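Peer 1: Below: sequence and its predicted model.
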Amino acid sequence: MTLIPLPAFADNYIWMLHDGHTALVVDPGDSAPVMQALESENLRLEAILVTHHHADHTGGIAFLRESTQAKVYGPANEPIPAPLHGLMGGETVTALGLNWKVLWIPGHTLGHLAYYADSGHDSPILFCGDTLFSAGCGRLFEGTAEQMQTSLQTLAALPATTLVCCTHEYTLSNLRFAMQVEPGNPVLESYFAHCQKLRASGLATLPSTIGHERNINPFLRSEQADIANATRQYDPTGFAQAGCFATLRQWKNEYR
């Protein structure tokens, strides 16, 4: 299996997984990069997995479905272009010969899904949309902080070797914020330098892994004393009223 992040728009990735003959793609906001990759690799598109309804994740679906007859899977209770195999979480979708466990992870949107396969590749794979980013998490457009925290805990409980395939190249900006929360953390500083080199060479910082995110992502570690103390110092009132995670997410919203 070959896993490829196809760049789209300013900072999106459309994930493609293929076996040399057949492919699936995740969150195709633009059909053009997908069609180019299919043609250059001589692949047949079997399935489209959709995590949530935002246009930068769904804009290419109609063209790809019409052009390739690929099956489309996505949230049943979100406005995804039909026809659609609607999912609520808890199902298993078979695509590319792999069994994908469908996880309901609300927060960014209310019907947000993730897709997880633990066999058929060198490492387990997680397609997590805009819920978990490397060193960060998605904004709360529809859900609550409590929902997002629970969703992130669900993802953090996956095996450490799981590849984290999120859909935006936000890693450097997220790491800048993480270093603000934990100044002097050598792990963050080292990884920031590594990611700077990747981006300077035109390379993606993704996929990450669940094990790595447990070490660098403040949103997976908001109960740790040093992160809680920094968040309390940033906004004592918000911390007292809403708790650490919600205040940390608001801090990130306001961070420049």
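Peer 2: Yes, it's here.

Peer 1: State the distance from the residue positioned nearest the centre of the chain to R221.
Peer 2: By C-alpha atoms, centre = their mean, the chain has its centre lying nearest to C166, at 2.6 Å. Using C-beta to C-beta, to the nearest Å, we find C166 at a distance of 17 Å from R221. In this view, the C-beta of every residue, glycine as well, is placed from N, C-alpha and C.

Peer 1: repeat for G136
Peer 2: 12 Å.

Peer 1: the more surrounded of the two?
Peer 2: Just comparing G136 and R221: by other C-beta atoms under 10 Å the higher neighbour count belongs to G136, 24 against 19.

Peer 1: For that one, list the residues it contacts.
Peer 2: Contacts for G136 (C-beta atoms under 8 Å, 6 or more residues apart in numbering) come out as 170, 173-174, 177-178, 217, 219, 252.

Peer 1: do H212 as well
Peer 2: 134, 164.

Peer 1: is it fair to say L64 lies in a helix?
Peer 2: Yes - remark: L64 belongs to a helix, assigned using DSSP: H, G, I helix; E, B strand; the rest coil.

Peer 1: quick thing: my sequence starts at 122, can you match it?
Peer 2: Got it, the first residue is 122 from now on, which makes the last one we talked about L185.

Peer 1: residues touching the nearest residue to it once chain neighbours are set aside, list them.
Peer 2: Once flanking residues are discounted, L185 sits nearest to S152: 5.0 Å by C-beta to C-beta, 6 or more residues apart in numbering. Contacts for S152 (C-beta under 8 Å, 6+ apart) come out as 180-181, 184-185, 188.

Peer 1: pLDDT of the longest helix along the chain, averaged?
Peer 2: The single longest helix within the chain, with elements called by DSSP state H, is helix 307-321. On average, the pLDDT along helix 307-321 is 97.

Peer 1: which strands and helices sit next to the following helix or strand past it?
Peer 2: Next helix or strand after helix 307-321 toward the C-terminus (DSSP states H and E): strand 329-330. The elements that strand 329-330 packs onto, with contact taken as 3 or more C-beta pairs under 8 Å, 6 or more residues apart in numbering; DSSP states H and E, are strand 284-287.

Peer 1: I'd like to know which elements the strand it packs on is packed against.
Peer 2: Counting by 3+ C-beta pairs under 8 Å, 6+ apart, strand 284-287 packs on strand 123-129, strand 133-139, strand 246-250, strand 253-254, strand 329-330, helix 331-337.

Peer 1: want to try CSV for those, with distance to G264 as columns?
Peer 2: As requested, the helices and strands packed on strand 284-287 are arranged in CSV below (distance: least, C-beta to C-beta, whole Å):
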stretch, distance to G264
strand 123-129, 25
strand 133-139, 21
strand 246-250, 13
strand 253-254, 14
strand 329-330, 22
helix 331-337, 20
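
Peer 1: Looking at these, spot the one closest to F313.
Peer 2: Among the helices and strands packed on strand 284-287, helix 331-337 comes nearest to F313, with 9.3 Å by C-beta to C-beta.

Peer 1: Helices of the stretch 122-271 of the chain, residue ranges please.
Peer 2: 152-162, 176-179, 182-189, 266-277 (DSSP state H, counting those that start in this stretch).

Peer 1: For these, give me TSV that also has distance to I201.
Peer 2: Output for the helices of the stretch 122-271 of the chain, formatted as TSV (distance: least, C-beta to C-beta, whole Å):
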stretch	distance to I201
helix 152-162	15
helix 176-179	6
helix 182-189	7
helix 266-277	19
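
Peer 1: Cheers, nothing more for now.
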